[in-house]
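S.K.: what follows is a predicted structure for the sequence shown.
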Amino acid sequence: MLEMPLRIGISGSGSVSRGVEFQINQTDGMELGWRCEADDVEEHLKNEPVEVFVEACGHVGDAGECSLLAIENNAHVVLTDARVDVTFGLALQSEAQQRGIIVTSDAGTPHGALASMIQEAHIMGFKTVQAGQISPCGGDSQFLYEMAALANGFGFLPPPGGMTGPEVTSLKDALTAFDLESYEDTPRVDFLRLPEREGGLYLIVKPKTDLPAEQLAHLRNCHLGAGPYYLLRRDYHLGHLETSKAILGAAAGQPILSPGQPSCQIYASSRKELPAGTSITGDLLEARLEPVSEALIPLILLEQGACLIRSLARDTLLNSEDAELQGADWLQG
């Protein structure tokens, strides 16, 4: 049984951390122990112990370090930034498992909300075929990190050749917009472009077993589709309004989405032809969600600074022989 109230620590001073603080103060059975900058987290963890630590500092390197400190001080960890899940998730999870600590994504993130939908679909007797977001900007790096975090937690992959992001006129068209049969037994992540909607989440699912006619009729009456695939959807994730759910789940040993063995990573390709000696900047790169490859350089490393060793053609994924990294020691240990 959980001891109440749960004491919560938060890192960060931005809108996410302030929103989490507000929500904790609105939730019965929780109290704020402290909220501080990343530099002060270690001192607070040692002198003012908490049951759950919410990481919301906004800097990937500091986030990884603070989360590890929380684990070492026996606090469960809630991650609010998908970049941290993808960059440090496996290392944090490995350390946490040794101590009986939970590391989980926040329930109010897109990947956290999709994870909850996947768990609910499983309870309802469905297996997930595809999980995705409705997004007009499928190439945005934050969006890609969110989908990679989800994929890594469940062992999903993008379709061969990358996410397709078809444009549809109605959500029900999602059931015919993808080559679902080609997925075989590997669930995929992808997205939809829907002009009149600014966002949303969806699952394409399939019943685990053949259903009798009465149950098939019920699914049609619920407007989930005509089969064999069905659509589950949700309008929006709600950010810090849902963080209390992740906090309570972590304390109870029930993570929303735990980092797993990585299946995907965010890499970078060149937007145009680049000569040797070019200093890498964000406007020269396009983020790409790809299956994990030891040869490719994660985008997060390139964002810390890099110089091309050899020239690159347009649309070339950068590998370890292409660039010399600068200032990313905090990620390469």
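M.R.: Thanks, I have it.
S.K.: alpha carbons only for contacts and neighbour counts from here, please
M.R.: Fine.
S.K.: assumed residue 186 was part of a strand.
M.R.: No. Counting by DSSP: H, G, I helix; E, B strand; the rest coil, residue 186 is not part of a strand but coil.
S.K.: and the residue nearest to it when sequence neighbours are not counted, what does it touch?
M.R.: Leaving aside its chain neighbours, residue 186 sits nearest to residue 156 (6.5 Å; criterion: CA to CA, 6 or more residues apart in numbering). Shown in contact with residue 156 (CA atoms under 8 Å, 6 or more residues apart in numbering): 150, 186-189, 263.
S.K.: ok, of those, which come out buried?
M.R.: Neighbour counting by 16 or more other CA atoms under 10 Å classes 150, 187-189, 263 among the contacts of residue 156 as buried.
S.K.: part of a helix, is residue 9?
M.R.: No. Read with three-state DSSP, residue 9 is strand and lies in no helix.
S.K.: please report how far the residue nearest to residue 186 lies from residue 276.
M.R.: Per CA to CA, to the nearest Å, residue 156 is found 36 Å from residue 276.
S.K.: in the stretch 1-150 of the chain, which spans are strands?
M.R.: 6-11, 30-36, 52-55, 76-79, 103-105, 126-134 (DSSP state E, counting those that start in this stretch).
S.K.: show me what the longest one is packed up against.
M.R.: Contact analysis of strand 126-134 by 3 or more CA pairs under 8 Å, 6 or more residues apart in numbering; DSSP states H and E lists helix 110-123, strand 188-192, strand 201-207 as its packing neighbours.
S.K.: relative to residue 269, which of those is closest?
M.R.: Taking CA to CA, strand 188-192 is the member of the helices and strands packed on strand 126-134 nearest to residue 269, at 19.0 Å.
S.K.: sorry, back to before: now flag whichever of the buried ones among the contacts of residue 156 is closest to residue 125.
M.R.: residue 187 (15.8 Å).
S.K.: hang on, isn't that closest one packed against residue 150?
M.R.: No. Using CA atoms under 8 Å as the test, residue 187 is too far from residue 150 to be in contact (11.3 Å).
S.K.: need phi/psi at residue 186.
M.R.: For residue 186, the backbone dihedrals (degrees, to the nearest 10) come out as phi -110, psi 110.
S.K.: go ahead and confirm it touches residue 160.
M.R.: No. Counting by CA under 8 Å, residue 186 does not reach residue 160; the two are 11.1 Å apart.
S.K.: domains for the chain, by residue range?
M.R.: Annotated domains of the chain cover 6-109+240-251, 110-236, 264-331 [automatic domain parsing].
S.K.: could those be laid out in a markdown table, adding distance to residue 258 and mean pLDDT?
M.R.: What follows is the domains of the chain, written out as a markdown table (distance: least, CA to CA, whole Å; pLDDT from 0 to 100):
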| stretch | distance to residue 258 | mean pLDDT |
| --- | --- | --- |
| domain 6-109+240-251 | 5 | 97 |
| domain 110-236 | 6 | 93 |
| domain 264-331 | 15 | 89 |
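S.K.: which one of the ones you listed is the most hemmed in?
M.R.: domain 6-109+240-251 (a mean of 21; mean count of other CA atoms under 10 Å).
S.K.: next, format the strands of the stretch 1-150 of the chain as JSON lines and append distance to residue 249.
M.R.: Shown next, in JSON lines, are the strands of the stretch 1-150 of the chain (distance: least, CA to CA, whole Å):
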{"stretch": "strand 6-11", "distance to residue 249": "12"}
{"stretch": "strand 30-36", "distance to residue 249": "13"}
{"stretch": "strand 52-55", "distance to residue 249": "10"}
{"stretch": "strand 76-79", "distance to residue 249": "10"}
{"stretch": "strand 103-105", "distance to residue 249": "9"}
{"stretch": "strand 126-134", "distance to residue 249": "22"}
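S.K.: looking at those, which is closest to residue 255?
M.R.: The closest of the strands of the stretch 1-150 of the chain to residue 255 is strand 103-105. By CA to CA, the value is 5.2 Å.
S.K.: same for the closest one, what does it pack against?
M.R.: Counting contacts by 3+ CA pairs under 8 Å, 6+ apart, strand 103-105 packs against strand 76-79, helix 82-99, helix 243-251.
S.K.: for the first one, list the C-alpha coordinates in CSV.
M.R.: Put plainly, it is strand 76-79. Taking Å, rounded to 0.1, in the frame of the first residue of the first chain, the C-alpha atoms of strand 76-79 are listed here in CSV:
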residue,chain,number,x,y,z
HIS,A,76,11.0,7.0,-9.0
VAL,A,77,11.4,9.1,-12.1
VAL,A,78,8.8,10.6,-14.5
LEU,A,79,10.3,12.0,-17.8
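S.K.: show me what contacts the residue nearest to residue 28 when sequence neighbours are not counted?
M.R.: Sequence neighbours aside, residue 5 is the residue nearest to residue 28 in space, at 7.9 Å (criterion: CA to CA, 6+ apart). The contact partners of residue 5, by CA under 8 Å, 6+ apart, come to 28-31.
S.K.: since that was my last question, I'll sign off now.
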